[in-house]
Structures are given as structure tokens and as C-alpha cells.
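*Asks:* Fold the following for me, if possible:
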Amino acid sequence: MQPEDFIVDYEKALATQDWKSVEPLISERASVTFSTGAVHEGKAAVKAAFERNFELIKSEEYKIKNVRWLFTNESTAVYLFDFSWKGIMNNQLIGGEGIGTSVLIKEENKWVLLAEHLGRKT
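*Replies:* I've put the predicted structure just below:
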């Protein structure tokens, strides 16, 4: 698996809205910062945050685009990206977009998310 493959797998896993699909792609040491500013450190906290989103936002579609690789080697990869999402919350279609930075590391010979920081477009 190459770092680029991680992005495809991550989008597919998120589309399932099932933590069991996402979990293998997340490091135990993960830190995820949402565009709201909420920080979730450690896999258990990331799990709780993602499951809360899965519960609140139904039929969510999350897209990663315009990926710009800052650094890659055999064990680390860093990329910038644009993202968009839409879904149903309280019977209404909602959505948003923003920018992100992700750090991937190789653990047990597979790429996993170590850090993700999502922000709003200005």
C-alpha cells in the first residue's frame, strides 16, 4: 500500500459510517482536530468523536480532493488537502468544506493516520 492508497481507503471507510471500517486506519496515538476546534487525542477519543458524527449525520459523504504531498518516505507521509462533506441532520441536508493537513505513519507495514487537522476555508 502506498500513502495515496490510504486516502482512497479512508474515504471508503468513512462512507460506511461504521467505526469498525475506520478503526484499522487509525493509529493508537492519533490526534484529530475538527474544524470546530475540538481536539481528540488517542484512538479512544477519536473513536468517540467519529461515532458521535456517524450518529448525528446520516448518509454523510466526505470527499478529499486537491491533495498536495509535502513529504513522503518509507515510514512517514504528510499531505494537505481540501475536503467537503454533506449529510442529513434533523431531516435537513447540511454540509461544509474546508482545508486539512494529515500525517500518516507506517505501523505494522500499513499506513495509518497519526494526525489530522481540519480547518475552515477563509
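*Asks:* show me where this protein has strands.
*Replies:* Applying DSSP state E to the chain gives strands spanning 26-33, 39-41, 58-72, 76-89, 92-107, 110-120.
*Asks:* Tell me which of these approaches Lys47 most closely.
*Replies:* Nearest to Lys47 among those is strand 26-33 (7.8 Å), distances taken as C-beta to C-beta. Placement of C-beta: from N, CA and C, glycine included.
*Asks:* Please name the residues that touch Asn66.
*Replies:* 81-82 (C-beta atoms under 8 Å, 6 or more residues apart in numbering).
*Asks:* now the one 5 residues further on
*Replies:* Residues counted as contacts of Phe71 (C-beta under 8 Å, 6+ apart) are 77-78.
*Asks:* what about 10 Å?
*Replies:* Counting by C-beta atoms under 10 Å, 6 or more residues apart in numbering, Phe71 makes contact with 77-79, 103.
*Asks:* Likewise for Ala30?
*Replies:* So Ala30 contacts 40-47, 103, 105, 112-116 (C-beta under 10 Å, 6+ apart).
*Asks:* Filter the residues you listed down to the buried ones.
*Replies:* 40, 43, 46-47, 103, 105, 112-116 (16 or more other C-beta atoms under 10 Å).
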